[in-house]
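Chemist: Mind folding the following:
(chains A and B)
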Amino acid sequence: MVEPMFDEPTPLYELRDAHVRYSTPTGLVTAVGGVSFTVPTGGITVLAGPSGSGKSTLLRVLGLIDRHTSGSVAWQGRDIGRLTHRARRAVRRDRIAVVFQAPPDNLIGHLTVAQNLRAAAQSAGHPDADPEVLDWLGIPGTGDWRVGALSGGQQQRLAFGCALARRPAVVLADEPTSQLDAASATLVLDVLRRLADRGVAVVAASHDPELVALGDQVVRLREGMIEEAA
Amino acid sequence: MQLPWRAAPRAAVSSPLTVLVAFVAALLLSFVGAAAVLHADSAGSAAVAYQAGRLCGQTVPPVVDGNRVSVADANSVIRLSVDEGRKAGFTTAIAAVYSPVRQWDFNGPHPWSQFGYRDGAMDNLRVLEGGDRNGVWVPRSIADDAGIKLGDRGLNGTLPPVTAIYADVSDPVPAYWCSEQQRIVPNPLATEGATAAVIWFPTLESFTTTMGPPSGNAAAVTVRFPADPPTTTDAAAALVTRGRAVVDGVTARLRAQDKARLVIASNYFAKPVEVARSAGSTVLGAVLPLTVISLLVGLAGVGAVTVQWVQRRQAELRLLWARGAGPVALGWRAVLELAAPLLVGAVAGLVAARATLSWYAPSTELTGGTVGLAALVAAGVLVAALVVVGAVTALRAHREFQSGTARRTSRAWRFVPWELITAGLAYLAWARLDSTPTKLQFGQPLPQTADAVGLAFPLLVVLTVALVTVRLTRWGLRAAHRANLWRFPAAHLALRRLAAAAGSAVGILLVGTLAVGTLTVGVGVADAQSEALDTKSGLFVGAESTAQIPGRVALAGLPPALAEHATVVGVVKNGQSIVLAVDPATFARSAWLGDRDPDDVATQLSTLAGPGQRALRVGSTPDRPVELPRIGTVRPVSQVPSFPLIGTGPGYVVSRASLADPEDIDVWQVWSAEPIARLVADLDAAGIHHLHSRSKALALDGLPFLTVTWTFDFVTALGVVLAIVAAAALVLAVEVRRRQNALAGALATRMGLRQRTLVASHLTELGSLAGVSVAAGSAAGAVCAAVSAPMLDPSPWLRPVAGAPDLVPLVSTTTLVAAAVVALVCWSAVRSVTTARVGELIRG
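Modeler: Below is the predicted model:
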C-alpha cells in the first residue's frame, strides 16, 4: 500500500489489490497483478515502468475504459466496479480527460483546431473552450487550421488543450511524449506541469525519465506489480 | 447537437471510397426493392395486355348478344343496351342486327344469304362496284353466284336497290369485324345454310322496316362497346366494373320486361383480370425469396461498409467514447456521416429501377400508385440500411469499448449450419414442386405450382451450394497455414493473402457464387420455358402460319407467289392418330422444324418416294405395314419421335404423290414459313378462299409460360445486381488492403520476388475466387435449371416438356466477364506495388 503524498481527505482514486486479467488464445494473461495505491486530487502522478509492465492497462482502468477483474478501484470514494455503463460514461464525460499516446488519436481530423477545442468542451457540457487556450498552449493563431497542419508536438499540446477544455478533475495521459522529438516533448511536459498548477490532477503512464522526474508521485511497475512507489 | 455529430455529414468527404461504396450499396438495395415491386406490377400489366391481345378487341368490354329474337325486340335490346352503356361511360356503341340465313329471293335466284345492319359497316368494307349508301351492299360471292348487279332489288322488289358490290370479308378479319367473324365469314365446311355472307342495309330503320316480318323470331342482335384496350390491371378492373354495370343494367331491364332470355350480356374480360392479378402476385411471390436474399446480401454489404467505416474512424470513436459518448451516440454518429450517400444512392436506385423498367420487366405500363409503393419500399430499404449502419457501429463500439467481447458473437454465427437449413428448405420446395405436378386444366390459365415456395427451389439450391462452397473454403483457408507451397511462390503468396483476409474472401465467394448461380438458373429456366412455348406452338400448328384451303386448289398446286414460302399438306385425323400427306420437295422449307436441319428432314422425306405406299411413322406406332383410313396400306420406312402438327403422339407421314385418291383427304392446309399476314395476303391475292387460319405466335395461351419466364427474367436481373456487388466487393477488398499489399509486395520485390511471380500470385488469388464462384455457380445453376425446367413446364401434357437449355454461351460469357474483372483488379493490385515507394509506406 502506497501512502498518499498529499494530505487529502478523499483521494481521487484508491486502488486496493486491483487485478486486470485478459483472456487470450494462449490462456489468461495477468496484466496488472494486485496493485494498491491512491491518486491525490492534484499534482502529477506518474506510472512508470518498462513496456509490458501494465502501466497503460492501469491507466485505462483509471480512465474507466477497461474494467479491473478483482480487487477494488474507488473513484472519489465510489467503487467503480459497481458502476453501470451509464454511470461510468457519466464519470468519463464529466470528470475525466484522456490523452492517448499517438497525437492524431486525440483529435478529430476533419475538424479545425478551434473546432476540436469546442468539441472537447461540448463533450463535457461546456459551450466552448477558453479563448486564450491556444496562447496558453503555445500555438496561437492556429484556430482555423486543420489539425493535420500541426506538427506532432503541436497536436499533442492541442490534445492537452482539449483535455483542459473539458475542465476535468483528472487528465490521464498515456505515454504523452513517446512519439515526440525532444523539443516537442519538453513543451508537452511544460503543459503538463501547468495543468497540474491549475489544480487538475494528472496521471501519466511513461518511461520517459524527464516525465518521471516531473511526477509528484511516481509508481514504478514491473510485470504488473508495484516495484517501488515514491 | 455537439460538434462532432453536427459536422458528421461533411466528414464523409474525407473518405470518398466509403462514400462511393455506401452510395452504390444503397443504389443496388433500393433498385432491388423497388424493381421487385415494379416488376410484379408490370407482370400484371403484361398479362392484361397479353390476354387483351389474344382476344378480339370488341369482346374485351362487355358484349350483348341475342339470337332468335324478333327485329322489334332487337331494336329494343339495342336501345336499352346503348342506354346502359352510356350510363357506364361507354360513349360509343356498335349495334348490329342480322336476319336469319336463308335462300332469300333475288329476282329469281335464291342464294344462301343473310341481311344485316351494323353501325359503321359500310365504312369498313372494300367496295368493288358502286358505293352509294342509299341502297343495299352485296358481297362479291353472292353477286357472282346469283348474278346480282347494281340497281337490282331483291325480295320481290321490296328491298332498296343494290348500290354496291363489296369484297367478301375473309379470315382473318380486320379488327372492326373481329367479334362478328363467325357470323359474317361463311364456313364452307358447315352444314348448308348454317352460314352465309351478309347483304348490308344502309340504316337500322331501313332494315327494321324491310326485314321485320320476313325474319320472324329468328333475327340476331349484337351490341359492342368499343374502348381502348386496358394496359394495366387497375384499368382492366375498372373496365370490367363498368362492364358489370352494363351487364347488370341490361339484364335487369330485360328481366323487367320478361325478355331476359332473349340475350346474353357478358363480361368476358373479368376472368383475364383475375388471371392478371394472379400473375402479378405469383411473380411477386416467386421473386420474393431471392429479393429478400438480395436485400439481406445488400444490407450485409452495408454492414461491411460500416465495419470499414468503424475501422477508419476507430480513433475518433475511441476518443468520443473516452469523452463519455455511448454506443448509441456513436451509432448515430455513423448514421449522420453515411446518411447522405445512402439517401442519394436510394433515390438513384429508385430512379434507375423506374428508368430501366423496359430492360428487366415485361411491360412498362404500371398501375397508379405502384411507383409510390416502390418509393415506399426504397424508403424502407434506406431506413433498414441506416439502422444497420447505426446498429453495427453501436454493436462494435459496445464490444470493443464497453464489454471487450469483440469477435465472440461473430464466431458463433459461423457454427450455425446455414447450408443445412437452406438445403432443408430446398428439399421442402422440391417436395412441393414434385407432389403437385404442373397440369394445366383447360380454362385455367396459370400453372398451379407457380407459387413462391415451388419457384424458390432452384434459388435455394443455388444458395445452398454457395454456402457449402463458403464453408469448405473457410475450412480450407483455416488449414492453409499447414500448406507449404514455397516451391510455387505465386501459389503460396496467393494462399497466404487469401488466408489473411479470409473474411473478405468468403464474402466475395458467397456473393459471387450466388450471382453466377442465380444468373445461370434465371437465364436457364426462362430460356427453357420460352423454347418450350416455341416448340410446343410450332409442333401444335405445324408451321409459322397455316390456313385451310379448298381441296381442288390444293390438288391443282399453289401459285408461284405462295409456293415460294408455303407447302400443301393433307390432314386425316383418325382418333388420336394423325396422318399427314406432304409434298417432300417443299415441306422442309415451309414447315416448323425447330432445331432440326431442314436438309436432314428433306432427305428423310425423300425416302417416301418409291414403289408402294411408304410412310414415316411418328411416335409410338407399330413398325409394320398398317391400313390407314382414306390412305390405304402403308409401309413404314423410318421413324421420328415427333413431327409438326402430329407432335409426339402417334401418326404417319406419307407423300402426297403416293396417294391413290387425293380427294379422299379430309382437310387440305397450306403451311407457310411466313407470318399469318403474309400468308393471308398471298392467298387473297391469288383469289384462294381460305379459313381456319392459325399462327404459331397465337396458337397457344402462352401466359403460364410467360409467368414463369417473367419470374426468372427478374431472377436474372437480380443475378446481374449480385454480380455487380461481387465485382465491387472484389475491387473493394483489394482497395482496402492496397496499402498493406503494396508495402508487402514492394518489399518482396526488392528482396528478389520476380514481377512475373507477383502478377501470377495476384492472378492466382483473385482468379481462384472468381473461378470457384463461376464454377460452383454455373454448375449449380445449370443442374438446377435442367431439373427445374420440366417441373415448371405449365403444359406438360403438350409434348415435348421443357428441357435443359443450352447454357454454354451464358457460361462462356460469365467466364469471360469474370476473367476481365480479375485482370482489371489484378492490374490495379500489381500497379500499387510497382509504383509504391517503400520508404514513404513504412514512414506513413
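Chemist: wouldn't A:Leu164 be in contact with A:Val133 here?
Modeler: Yes. A:Leu164 lies in contact with A:Val133 (C-beta atoms under 8 Å); the separation is 6.4 Å. Using the backbone N, CA and C atoms, a C-beta is placed for each residue, glycine as well.
Chemist: quick one: low-confidence parts of the stretch 351-500 of chain B?
Modeler: Applying pLDDT under 70 to the stretch 351-500 of chain B picks out residues B:404-411, B:434-453.
Chemist: Break down it into its helices, ranges please.
Modeler: With DSSP state H, counting those that start in this stretch, the ranges of helices along the stretch 351-500 of chain B come out as B:357-360, B:370-397, B:408-414, B:418-435, B:452-455, B:457-478, B:489-500.
Chemist: want to try TSV for those helices, with distance to chain A and mean neighbour count as columns?
Modeler: Listed next are these as TSV, based on distance: least, C-beta to the nearest C-beta, whole Å; neighbours: other C-beta atoms under 10 Å in any protein chain shown:
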stretch	distance to chain A	mean neighbour count
helix B:357-360	40	15
helix B:370-397	11	20
helix B:408-414	10	10
helix B:418-435	25	17
helix B:452-455	44	22
helix B:457-478	14	22
helix B:489-500	16	19
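Chemist: can you tell me which of those comes nearest to B:Arg656?
Modeler: helix B:418-435 (45.4 Å; C-beta to C-beta).
Chemist: Mind giving me the packing neighbours of the closest one?
Modeler: Packed against helix B:418-435 by the contact rule (3 or more C-beta pairs under 8 Å, 6 or more residues apart in numbering or on different chains; DSSP states H and E) you find helix B:452-455, helix B:457-478, helix B:755-792.
Chemist: switch the cut-off to 6 Å
Modeler: Helices and strands touching helix B:418-435, by 3 or more C-beta pairs under 6 Å, 6 or more residues apart in numbering or on different chains; DSSP states H and E, are helix B:452-455, helix B:457-478.
Chemist: Adding distance to B:Ala561, write those out as CSV.
Modeler: Listed next are those as CSV, based on distance: least, C-beta to C-beta, whole Å:
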stretch, distance to B:Ala561
helix B:452-455, 47
helix B:457-478, 48
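Chemist: Any idea which of those gets closest to B:Leu679?
Modeler: helix B:452-455 (37.9 Å).
Chemist: what's downstream of the helix or strand where B:Val275 lies, the next helix or strand?
Modeler: Per DSSP states H and E: B:Val275 is located in helix B:270-312. Downstream of helix B:270-312, the first helix or strand assigned by DSSP H and E is helix B:314-322.
Chemist: Contacts made by that following helix with the rest, please.
Modeler: The contact list for helix B:314-322, computed with C-beta atoms under 6 Å, 6 or more residues apart in numbering or on different chains, reads A:Val98, A:Asp105, A:Ile108, B:Leu330, B:Phe401.
Chemist: Sort the residues you listed by pLDDT and name the bottom one.
Modeler: Confidence by pLDDT is poorest for B:Phe401 among these, given 83.
Chemist: Point me to the helix or strand that includes B:Thr520.
Modeler: Under the criterion of DSSP H and E, B:Thr520 resides in helix B:502-541.
Chemist: Can you tell me how far the residue positioned nearest the centre of chain B is from B:Lys536?
Modeler: The centre of chain B sits closest to B:Leu706, judged by C-alpha atoms, centre = their mean, with a distance of 3.5 Å. Distance, B:Leu706 to B:Lys536, by C-beta to C-beta, to the nearest Å: 13 Å.
Chemist: on that earlier part again, other SSEs contacting the helix holding B:Val275?
Modeler: Applying 3+ C-beta pairs under 6 Å, 6+ apart, we find helix B:270-312 packed against helix B:16-54, helix B:233-256, helix B:370-397, helix B:452-455, helix B:703-736.
Chemist: Off-centre distance for stretch B:251-267?
Modeler: Stretch B:251-267 sits 40 Å away from the centroid of its parent chain (C-alpha atoms, centre = their mean, to the nearest Å).
Chemist: again with stretch B:521-536
Modeler: 10 Å.
Chemist: swap in stretch A:132-142?
Modeler: Distance, centroid of stretch A:132-142 to centroid of chain: 21 Å (C-alpha atoms, centre = their mean).
Chemist: same question, stretch A:80-94
Modeler: Centroid displacement of stretch A:80-94 relative to its chain, using C-alpha atoms, centre = their mean, is 17 Å.
Chemist: Flag every buried residue along that stretch.
Modeler: A:Ile80, A:Gly81, A:Leu83, A:Arg88, A:Arg89, A:Val91, A:Arg92, A:Arg93 (16 or more other C-beta atoms under 10 Å in any protein chain shown).
Chemist: what's the closest non-adjacent residue to the fourth one?
Modeler: Ranked by C-beta to C-beta, 6 or more residues apart in numbering or on different chains and with sequence neighbours excluded, the top spatial neighbour of A:Arg88 is A:Leu64, at 4.7 Å.
Chemist: again, but for the first one
Modeler: Across the structure, with C-beta to C-beta, 6+ apart as the measure, the residue nearest A:Ile80 apart from its sequence neighbours is A:Val73 (5.2 Å).
Chemist: so where does the one you found fall, helix or strand?
Modeler: According to DSSP H and E, A:Val73 maps onto strand A:70-75.
Chemist: Can you report how many residues neighbour the residue nearest to A:Arg88?
Modeler: As a burial measure, A:Leu64 scores 24 neighbours (other C-beta atoms under 10 Å in any protein chain shown).
Chemist: where does it land in three-state SS?
Modeler: The assignment at A:Leu64 comes out as coil when based on DSSP: H, G, I helix; E, B strand; the rest coil.
Chemist: how about it, phi and psi?
Modeler: A:Leu64 adopts backbone torsions of phi 60, psi 30, taken as degrees, to the nearest 10.
Chemist: Now do the same contact list for the closest residue to chain A within chain B.
Modeler: For chain B and chain A, the shortest gap (C-beta to the nearest C-beta) falls at B:Gly324, measuring 2.4 Å. B:Gly324 makes contact with A:Arg89, A:Arg92, A:Arg93 under the criterion C-beta under 6 Å, 6+ apart.
Chemist: ok, now how distant is the second one from A:Leu12?
Modeler: According to C-beta to C-beta, A:Arg92 stands 14 Å off from A:Leu12.
Chemist: Flag the shaky bits of the stretch 551-700 of chain B, pLDDT-wise.
Modeler: Applying pLDDT under 70 to the stretch 551-700 of chain B picks out no residues at all.
Chemist: can you give me the helices for it?
Modeler: Using DSSP H, counting those that start in this stretch, helices in the stretch 551-700 of chain B cover B:551-556, B:560-563, B:584-590, B:598-606, B:676-685, B:696-699.
Chemist: likewise chain A?
Modeler: If DSSP state H is used as the criterion, the helices of chain A fall at A:55-62, A:85-95, A:113-123, A:133-137, A:152-165, A:182-197, A:209-214.
Chemist: JSON lines for those, including mean pLDDT?
Modeler: As requested, the helices of chain A are exported to JSON lines (pLDDT from 0 to 100):
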{"stretch": "helix A:55-62", "mean pLDDT": "90"}
{"stretch": "helix A:85-95", "mean pLDDT": "90"}
{"stretch": "helix A:113-123", "mean pLDDT": "92"}
{"stretch": "helix A:133-137", "mean pLDDT": "83"}
{"stretch": "helix A:152-165", "mean pLDDT": "88"}
{"stretch": "helix A:182-197", "mean pLDDT": "85"}
{"stretch": "helix A:209-214", "mean pLDDT": "89"}
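Chemist: Backbone dihedrals for B:Ser99, please?
Modeler: phi -80, psi 170.
Chemist: Surely it touches B:Thr210?
Modeler: No. In this structure, B:Ser99 is not within contact of B:Thr210 by C-beta atoms under 6 Å, at 9.3 Å.
Chemist: Cheers, nothing more for now.
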